[in-house]
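Undergrad: coords please:
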Amino acid sequence: MRSMFSLFNRSSAASITDFTITDIWVKDEALLAVLSQLPSLSRLAVGDVTSHCQDEQSTGTSDILSCFFLRSLSCPIHVDSSSPVHVPNLIELYIAFGYTLNARRCHAFLDMIESRVYRYTDSETIARLRYVRVKLIAQNMDADTLERLDRLRGEELMIDIDFVNTREE
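TA: Numbers count the residues shown, from 1 in each chain. Coordinates of the predicted model:
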């Protein structure tokens with residue numbers, strides 16, 4: 001991460017509009033610090049470290065797509081100057097969960113998406129999310145999740161969900 005901040009200091013980080021970070025073991029707080037250096041970011045691709053890349057002491061998930069991270073990307077309902085918003089210009093999000101999405105993380109993810117679609121502001125300082133592509137390990141989604149996804153699609157948000165099967169080793 002230090003080398004990334006060094007690169008940002010030497011370049012024009014404020015003009016970066018696309019950023020991809022996948023299969024790298026990084027704490028969510030560190031990624032949020034990086035994102036805070038990229039105010040013009042409009043496309044973000046982020047993915048968990050896949051389970052075969054983790055060490056024996058890990059819990060089977062990386063920290064990068066934690067509930068904390070997802071909530072930190074959420075926009076407050078009423079935006080004012082005291083409400084910092086990570087990635088305020090985000091219009092496209094590509095996200096790959098490298099593990100089965102539990103209910104708590106799924107709700108944090110949907111809350112974040114909804115917060116970027118249903119905003120109640122008079123100003124246009126925060127972009128409206130237009131496209132989301134999600135990669136999940138195959139799983140059944142509950143009725144509440146499916147209903148929320150359908151409502152979001154009704155708000156002209158394009159959502160693509162790729163379900164992948166796990167490899168048997």
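
Undergrad: Can you pull out the low-pLDDT segments for this structure?
TA: The chain contains residues with pLDDT under 70 at 1-10, 49-63, 77-84, 100, 119-124, 138-140, 165-169.

Undergrad: For this protein, which segments count as strands?
TA: All strands of the chain, identified by DSSP state E, fall at 18-21, 43-47, 92-96, 131-137, 158-164.

Undergrad: Residues touching the second one, excluding its own?
TA: Counting by Cβ atoms under 8 Å, 6 or more residues apart in numbering, the neighbours of strand 43-47 from elsewhere in the structure are 17-23, 31, 35, 64-65, 87, 90-98, 135. Just so you know, the C-beta spots here come from the backbone N, C-alpha and C atoms, and that holds for glycine as well.

Undergrad: residue ranges of the helices in the chain, please?
TA: 2-10, 28-36, 67-72, 103-117, 143-154 (DSSP state H).

Undergrad: Chain neighbours aside, what residue packs nearest to Gly70?
TA: Actually, residue 70 is Leu. It isn't Gly. Leaving aside its sequence neighbours, Leu70 sits nearest to Ala108 (Cβ to Cβ, 6 or more residues apart in numbering; 4.1 Å).

Undergrad: and that neighbour, how many neighbours does it have?
TA: Counted with other Cβ atoms under 10 Å, the neighbours of Ala108 add up to 22.

Undergrad: Equivalent analysis for the one 3 residues further on, please.
TA: Asp111 has 16 neighbouring residues, counting by other Cβ under 10 Å.

Undergrad: From Tyr94, how far off is the closest residue to Ala103 other than its chain neighbours?
TA: Closest residue to Ala103 apart from its sequence neighbours, by Cβ to Cβ, 6+ apart: Asp142 at 7.4 Å. Look at Asp142 and Tyr94: by Cβ to Cβ, to the nearest Å, they are 24 Å apart.

Undergrad: more crowded one of these two?
TA: Tyr94 (17 against 11).

Undergrad: tell me the contacts of that one?
TA: Taking Cβ under 8 Å, 6+ apart as the test, what Tyr94 contacts is Thr20, Arg43, Leu44, Ala45, Val46, Val132, Arg133.

Undergrad: List buried members of those residues by neighbour count.
TA: Neighbour counting by 16 or more other Cβ atoms under 10 Å classes Arg43, Leu44, Val46, Val132 among those as buried.
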